[in-house]
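Predicted model and sequence follow; I will ask about them next.
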Amino acid sequence: MDEIQQQAGGVSYAPSPPGEFCGRQEELEQISAVLSRAGEHGQAVMISGPPGTGKSSLLNRLAYEVQEPPGGRQSPVLRAEIFDLPGMIFSAFRELLNDLRRSAASARFGGILDAESMKEAVRYADDVFEKYAAPVEPVGLLPKTGEEIVGVFARSPEVGYDRVYQAFEELLGELGRQMSMTGHVAAVLLDDVHLASSHDRRLLRDIVNGLPPGILLVFTCRTEDNAGSGYATMREEIRDLGIHEVQLSGMQRHEIRELGERRFHFSIDDAAAGLLEESAGDPFRLIACFNTLRDRGLAPSRENVADVIAGATDPAGLVFAALPKPTKAWTEELCTLNPPFPVPVMACMLDLQGAGITPTTDRLLESGMFRRLPDGEYAFAHPLLQEHCRRELSEDARVALNARAADCFERSMHRLPGRLHALLSLAGHLFHAREYGKAADLNLEIGLRFHHREDHDTALMLTERAVVSAERLGDDVLLAAAERQRDVIRQKVSGSPGAGR
Ligand SMILES: Nc1ncnc2c1ncn2[C@@H]1O[C@H](COP(=O)(O)OP(=O)(O)OP(=O)(O)O)[C@@H](O)[C@H]1O
Ligand SMILES: [Mg+2]
C-alpha cells in the first residue's frame, strides 16, 4: 500500500490511493469525531469543495481508516460513485447494495453480515429496486427497422418511490442493528452527489433524515460545477437536516511539501511551497505542476515552479500540453463517451480487436490519464481532464466522434451489461451526431418512459432533444407529438417539489 504509485506518464490524476494520501489531518479528525457519535445516532457528513481539491481522495482515505485500521476493528464500507449521465435512476444506490452483497460474501465481514434478517433486507431491497427501474430499463435490445435499436421494456408491477425509500431505510436499519450488536459502525460513501438527478437527491435527503444508529453516511459535492446548481440545490435541500459539512480548499504549505515528498520524491523549499500555496494550492494543480516539472527534468525551485504555473490558468491545459501524441489521441477518441466506459465500446472507439485490447487498456492506465472502476469499466482519471478534452474538440470532431460512439454502442449493445446506460448514451450520441431521424424516435420513446417513472427532469431533457430533432428534420407530425409530450412534462416539472434542476 505504501508503494509510490509511479506511472509511466507521471503520478496518476486518479483519486489518491490511501497509502499516498497527504495532509488533511484536521478534516480527518472532524470526520472521526462524527464517526465516534454514529454508534448512538446515525450521522451524515458532506465533504464539499471546488474541483480537484481532493474530495474523492479524502473519501478513499476514510474508507481505508474505517475498514482496515491496523490492529483495530474492521467495519464494512459501502461505496458508490455518481456519474454525469442523467436518468440513471438510483444506479449509485443499487451500486451500494451490490457492494453490501460483496462485503457479505467476503470472509472478513461474513460474521457481521450473514444474519438471516440482513440477507432478507438485501433481497427485498434488490427486488424493489429492480421493479422500480423496470419501466425505464429495457429487458432486451432488439433491432427495430433495419439497424435501428430500441429497448424492449418490461411491463412490470408498478412500484413507486415510497416503496424504494422504505426498502432502503429498512436495509440501513438492519445494517445499523447488526453493527450496533457488534460495536461497529458501517460507512456508506457516495462520491459526486452534485451530479445526481433530483430523484436521486430526494432519496438521499430522505435517507439522511432518518439515518439509523450504526451508520455513517459521507458524501462529496463539488461547489463549482459546470451545470452550476448542483451544490446550491443540494445545500438548500439539506439545510435543516443537521448535516456536518467539511469544506476542502487548497493545501497549506506543510501539506504541499508532504505531497511533493511522498508522491514525487521532491524536496520543496519554503519559498516554492509558499508560491504554490498562494497560486496553485489545490491538489489537482499541484499534481499537474509536479508532473510537468518532472517531465521537463526541472528541480522544484521557486523559479521553476513560477515558470511552470505562469500562463497555466487551466491546470488541465498544463496536463494536456505535456501529453505524448498517442495518449492525446486516446483522450480525444474517448472524451465524448459517458463514464463508466464499457470495454467493448472503448475498444470499438479505439479500433482495437481481440489481443490488442488488454495491452492498450494497460497503457491507458499507465498514462495516468485513465482509471479502472471496480466493475472493470473505465473513466478518465479525473473529470477535469475529460471536461477539458471535450471543450477543446472542434465542432466537426465532436459530431464525428458522437457518430462513431453511436455506431459503437449499436454494434456492442448485445454485449453490454448496463442496459440503461447504453440506451441513454446511444440517445445522446445520436442527437449530438445530428442523426436526427433515429435521435427523435429514441429520445421521444425513452423520454415518455421517464415521464411515467416520474423522473420529470430527465424526461424533459430527452423530449426536448426529440423536439429539436423533429424541427431539424422538418417533420411536422413528429414535431407536434414531441411538443405535446414536452408540454405535459413541463406542467409536471413546475408542479413537483424539488424538480427542475
Ligand atoms: N490529500 C491528498 N494527498 C495526495 N494526493 C491528493 C490528495 N488530495 C488529492 N490528491 C490528488 O489530487 C488530484 C485531485 O484529487 P481528487 O480527485 O480527490 O479531487 P476531487 O475534489 O474529488 O475532484 P472533483 O471535484 O473533480 O471530483 C488527484 O490526482 C489526487 O490523487
Ligand atoms: Mg472527485
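In hand now; what should we look at? Residues are numbered from 1 along each chain as shown. Ligands and ions are numbered 1, 2, ... in the order given.

Contacts only, for the residue in the chain that ligand 1 sits nearest to.
In the chain, the residue that lies nearest ligand 1 is Gly54 (2.7 Å; Cβ to the nearest ligand atom). In short, each C-beta sits where N, CA and C put it, glycine included. The contact partners of Gly54, taken as Cβ atoms under 8 Å, 6 or more residues apart in numbering, are Pro15, Ser16, Arg24, Leu248, Met251, Asp282, Pro283.

Can you give me the neighbour number for Pro326?
Pro326 is flanked by 10 other residues according to other Cβ atoms under 10 Å.

Now do it against Ala405, distance only.
To Ala405, Pro326 is 20 Å away according to Cβ to Cβ, to the nearest Å.

Of all the contacts of Gly54, the one with the weakest confidence?
Lowest pLDDT among the contacts of Gly54: Asp282, with 92.

Just want the phi and psi numbers for that one.
phi -80, psi 140 (degrees, to the nearest 10).

quick one: contacts for it?
Pro50, Pro51, Gly52, Thr53, Gly54, Ser249, Gly250, Met251, Pro315.

give me the low-pLDDT residue ranges for the stretch 101-250 of the chain?
For the stretch 101-250 of the chain, the stretches with pLDDT under 70 are 107-113, 139, 141-150, 154-157, 225-229.

Can you pull up the residues of it that come close to ligand 1?
Residues of the stretch 101-250 of the chain found near ligand 1 (Cβ under 6 Å from any ligand atom) are Asp192, Arg222.

Show me the strands in the chain, by range?
Using DSSP state E, the strands found in the chain span residues 43-49, 77-81, 138-143, 149-153, 186-191, 215-222, 244-247, 370-372, 378-380.

Show me which residues of the first one are buried.
Using 16 or more other Cβ atoms under 10 Å as the test for burial, strand 43-49 gives Gln43, Ala44, Val45, Met46, Ile47, Ser48, Gly49.

quick one: strands adjacent to it?
The strands that strand 43-49 pairs with in its sheet are strand 215-222 (parallel), strand 244-247 (parallel) (by DSSP bridges).

How many residues are close by Glu377?
For Glu377, the neighbour count with other Cβ under 10 Å is 18.

That one and Glu278: what is the separation?
Taking Cβ to Cβ, one finds Glu377 at 39 Å from Glu278.

How about Phe219?
30 Å.

Could you do Arg123 as well?
55 Å.

And Ser75, by the same measure?
Noted for Ser75: a distance of 40 Å to Glu278, by Cβ to Cβ.

pLDDT value on the residue in the stretch 51-200 of the chain positioned nearest to ligand 2, please?
Of all residues in the stretch 51-200 of the chain, the one sitting closest to ligand 2 is Ser56 (3.2 Å; Cβ to the ion). Per-residue pLDDT puts Ser56 at 97.

I figured it hits Leu190, correct?
No: Ser56 is not in contact with Leu190 according to Cβ atoms under 8 Å; the separation is 10.9 Å.

Which residue ranges of the stretch 351-500 of the chain form helices?
Along the stretch 351-500 of the chain, the stretches classed as helices by DSSP state H, counting those that start in this stretch are 357-366, 383-392, 395-412, 419-432, 436-452, 456-473, 476-495.

which stretch among those helices comes nearest Asn98?
Proximity to Asn98 (Cβ to Cβ) singles out helix 419-432 among these, at 14.6 Å.

which helices and strands does the closest one pack with?
strand 138-143, strand 149-153, helix 395-412, helix 436-452, helix 456-473 (3 or more Cβ pairs under 8 Å, 6 or more residues apart in numbering; DSSP states H and E).

what angle sits between that helix and helix 456-473?
Using axes from the mean of the first three to the mean of the last three Cα atoms, to 10 degrees, one finds that helix 419-432 and helix 456-473 are set 30 degrees apart in direction.

for helix 419-432, which positions count as buried?
Buried, per 16+ other Cβ under 10 Å, within helix 419-432: 419-432.

Could you pick out the residues of this protein near ligand 2 for me?
Counting by Cβ under 5 Å from the ion, the chain comes close to ligand 2 at Lys55, Ser56.

Just give me the longest helix of the chain.
In the chain, ranked by residue count with DSSP state H as the criterion, the top helix is helix 161-182.

so how far is it off the chain centroid?
On the basis of Cα atoms, centre = their mean, to the nearest Å, helix 161-182 sits 24 Å off its chain's mean C-alpha point.

ditto for stretch 476-488
The chain centroid and the centroid of stretch 476-488 are separated by 33 Å under Cα atoms, centre = their mean.

closest to Arg239 out of the helices of the stretch 351-500 of the chain?
Distance to Arg239, taken as Cβ to Cβ, is lowest for helix 456-473 among those, at 20.8 Å.

List the buried residues of the closest one.
Judged by neighbour count (16+ other Cβ under 10 Å), helix 456-473 contains these buried residues: 456-471.

domain assignment for this structure?
Listed by automatic domain parsing, the domain ranges of the chain are 25-247, 254-314, 325-495.

and the second one, is it in reach of ligand 1?
Meaning domain 254-314. Yes: using Cβ under 6 Å from any ligand atom, domain 254-314 reaches ligand 1 at Leu259, Pro283, Phe284, Ile287.
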